[in-house]
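Student: I'd like to go over a predicted model; first the sequence, then the structure.
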Amino acid sequence: MIHKNTICLWFDKDAEAAARFYAATFPNSEVTGVHKAPGDYPAGKEGEVLTVDFTVLGIPCMGLNGGAQFRHSEAFSFQITTEDQKETDRYWDAIVGNGGQESECGWCRDRWGLSWQITPRVLTEAMVAGGAEAKRAFEAMMTMKKIDVARIEAARKG
């Protein structure tokens with residue numbers, strides 16, 4: 001199936017490994033196609049994997065093995081809403097524990113350099129509430145790497 005809008009993610013040479021990791025980590029995610037290069041190209045040879053079609057939580061994506069000239073940055077990230085600490089821990093630990101890296105305020109980076117925001121629903125709800133509740137939750141979040149749901153809930157209450 002060709003989607004009207006697909007997120008294209010540039011990888012050095014590991015698009016298939018990344019797509020398979022995402023499919024194994026997140027529900028409603030799968031690898032739907034692996035396409036080999038019909039000829040030599042600047043970053044590879046004929047017959048090597050050129051593109052990989054996959055979904056992440058139902059969002060259509062394509063991984064392109066384009067070579068080392070471009071890198072991912074925090075300017076693009078997947079934001080994953082979690083329901084509780086257990087789900088937050090599961091996704092965070094999967095990404096960071098598979099060669100990834102922790103960052104600040106619920107952000108982490110996977111081993112391919114792609115950024116993820118693992119965001120508990122309680123944090124988003126606090127921000128939407130606005131006012132003093134949002135300020136307290138925001139200030140608590142600013143001290144965290146992985147979001148601590150209990151601390152955000154406590155901050156919301158004051």
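Tutor: Okay, I see it.
Student: List the buried residues of the helix ranked longest in the chain.
Tutor: Determined from DSSP state H, the single longest helix within the chain is helix 85-97. Residues of helix 85-97 classed as buried by neighbour count (16 or more other CB atoms under 10 Å): 85, 87-88, 91-92, 94-96. Glycine gets a C-beta too; all of them are placed from N, C-alpha and C.
Student: just stretch 112-123 next, same as before
Tutor: 112-120, 122-123.
Student: Quick one: end-to-end length of it, please.
Tutor: 27 Å (CA to CA, to the nearest Å).
Student: In terms of helices and strands, where is the residue nearest to the spatial centre of the chain?
Tutor: For the chain, W116 is the residue whose C-alpha lies nearest the centre (CA atoms, centre = their mean; 3.4 Å). Using DSSP states H and E, the element containing W116 is strand 115-120.
Student: what angle sits between that strand and helix 85-97?
Tutor: For strand 115-120 and helix 85-97, the angle between their directions (axes from the mean of the first three to the mean of the last three CA atoms, to 10 degrees) works out to 160 degrees.
Student: Report the next helix or strand after strand 115-120 in sequence order.
Tutor: Counting by DSSP H and E, the element after strand 115-120 in chain order, helix or strand, is helix 121-129.
Student: Measure how that next one sits relative to helix 85-97, angle-wise.
Tutor: With the same axes, to 10 degrees applied, the angle from helix 121-129 to helix 85-97 works out at 110 degrees.
Student: What is the subsequent helix or strand relative to helix 121-129?
Tutor: helix 131-141.
Student: what's the following helix or strand after that following helix?
Tutor: Towards the C-terminus, the helix or strand next in line after helix 131-141, according to DSSP H and E, is helix 149-157.
Student: Need the mean per-residue confidence for that following helix.
Tutor: The average pLDDT for helix 149-157 rounds to 97.
Student: What would the strand holding W116 look like as PDB? C-alpha coordinates only.
Tutor: Output of strand 115-120 as PDB, limited to C-alpha atoms (Å, rounded to 0.1, in the frame of the first residue of the first chain):
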ATOM      1  CA  SER A 115      15.000  10.800  19.200                       C
ATOM      2  CA  TRP A 116      12.000   9.600  21.200                       C
ATOM      3  CA  GLN A 117       9.900  11.500  23.700                       C
ATOM      4  CA  ILE A 118       8.500   9.000  26.200                       C
ATOM      5  CA  THR A 119       5.700  11.100  27.600                       C
ATOM      6  CA  PRO A 120       3.300   9.800  30.300                       C
END
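Student: Good, wrapping up.
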